[in-house]
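> got a sequence here, can you build the structure:
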Amino acid sequence: MSTTAAPESPSVPVYTYKRYDPSNNIIQCEENPSLPVFTTTQTMSKGLMKILRSTAVVCETGGDKSVKIQGEIDWKNKTIAVEGVSKALSAAKQKIGGTFSSDTEWTWPSGKYTINHKSGEWTVRREDRELAVYTSLKLGVFRFSKHEMATLKFLAEISHEEKVFLILILMFYDFQKTVEEPMSLKELAVEGGVNAAVTVTGNVVSGCCVVQ
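Residues are numbered from 1 along each chain as shown. This next block holds a predicted model:
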């Protein structure tokens, strides 16, 4: 009796982050340029004390009927909003797990979302369905070491508004960090005034007004 092989499931598009800073980035699928492009931007306070005020995510669909969908976390007023729907962070976000856990549960008009974190990988589920996986930037050991760029995968067919919301909540903690660009050996030598071969300086990742 002959058997027919089951059709292969389509591969999941992988979105790659083009820059190192989570809050100033372009998120794009290189394999399929027709897919939406996401950008992240941040607004800092003016003056000597630079305080993070807001982080925005914009989805641009492209094509003949291109539209833009925007979401934002307002760190000053502690709110999260997507296309006119807004909630206080205290009402939308709940920390779950143990004391040192980064797992969270989010409540939004479209449902309840659970985010589980393990070794730099953040997975979001609505009920028991996995929707997306975000893998954070992996820093090299030294400032001149190569980093592994962050990636994002959407595992289900969802609206653009929901995608923007998922990026905001998946990157919630990373948005509050500042990552230095890797330096070349030549740049390290100039900065330190010594031979770059003997300069060993760690990557700097700093937190800014971290909201738990």
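
> next one, pLDDT for the spatially most central residue of the chain please.
Nearest to the mean C-alpha position of the chain, by C-alpha atoms, centre = their mean, lies Met171 at 3.7 Å. Looking at Met171, its pLDDT is 96.

> how about it: what's its closest non-neighbour residue?
Once flanking residues are discounted, Met171 sits nearest to Pro22: 5.8 Å by C-beta to C-beta, 6 or more residues apart in numbering. For glycine as for every other residue, the C-beta is placed from the backbone atoms N, C-alpha and C.

> number of nearby residues for that neighbour?
Other residues within reach of Pro22, judged by other C-beta atoms under 10 Å, total 21.

> you'd agree it is in a strand?
No: Pro22 is assigned coil when assessed by DSSP: H, G, I helix; E, B strand; the rest coil, not a strand.

> how close does it get to Val57?
11 Å (C-beta to C-beta, to the nearest Å).

> same check, this time on Glu162
In terms of C-beta to C-beta, Glu162 sits 12 Å off from Val57.

> more neighbours, the two?
Remark: of Glu162 and Val57, Val57 carries more neighbours, 25 against 21, as counted by other C-beta under 10 Å.

> beta partners for that one?
Beta-bridge partners recorded for Val57 (DSSP bridges): Thr40, Gly71.
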